[in-house]
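A.B. asks: Compute the structure for the input listed below.
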Amino acid sequence: MTDWRQYVRRYPWQCVGVAVALGYFLVPRRTEIVSPDVDTLLELARRNKLVVKSQPRGQVHGSLARSLFGMVAPVVVRGVMAALALKSSRSAVVQRQVESPAKIRLRRARRWLIESVTAIRSENMVVAAK
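C.D. replies: From the prediction side, this is the model:
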């Protein structure tokens, strides 16, 4: 009853529907931006209900180093990500080249067979020498 994966396996489409409904009700609505016309602004100003909070944004003047960093940083990040991906793929190839358990068992069985045959031959030689 507490394992939600069981419900997803049994009722996948119902779970999708529940997820959509939850998303619809949980995500807040967009804020409405009201652009009043000139007459409405004048009316609000006459009633003293118009409050203007002016906080001009100052222009940010960056240095040359900041601009260069902004251009070079994405290139460096891409390069690092590509190198990591290449290293990851190489390590995956190396892991695939490691012997599988079946090959290890086969090699051990061959070694045991060769040792057994060698032991039998040496015993036959000892018996034949007597």
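
A.B. asks: Please, which helix or strand holds I104?
C.D. replies: Assessed by DSSP states H and E, I104 sits inside helix 101-129.

A.B. asks: following the helix or strand harbouring Q6, which helix or strand comes up?
C.D. replies: Using DSSP H and E, Q6 falls within helix 4-10. Per DSSP H and E, the first helix or strand lying C-terminal to helix 4-10 is helix 12-26.

A.B. asks: Mind listing residues that contact that following helix?
C.D. replies: Defining contact as C-beta atoms under 8 Å, 6 or more residues apart in numbering, one finds that helix 12-26 is touched by Y7, V8. Using the backbone N, CA and C atoms, a C-beta is placed for each residue, glycine as well.

A.B. asks: what packs against the helix or strand following that helix?
C.D. replies: As assigned by DSSP H and E, the chain's next helix or strand after helix 12-26 is helix 38-46. Here helix 38-46 touches no other helix or strand, going by 3 or more C-beta pairs under 8 Å, 6 or more residues apart in numbering; DSSP states H and E.
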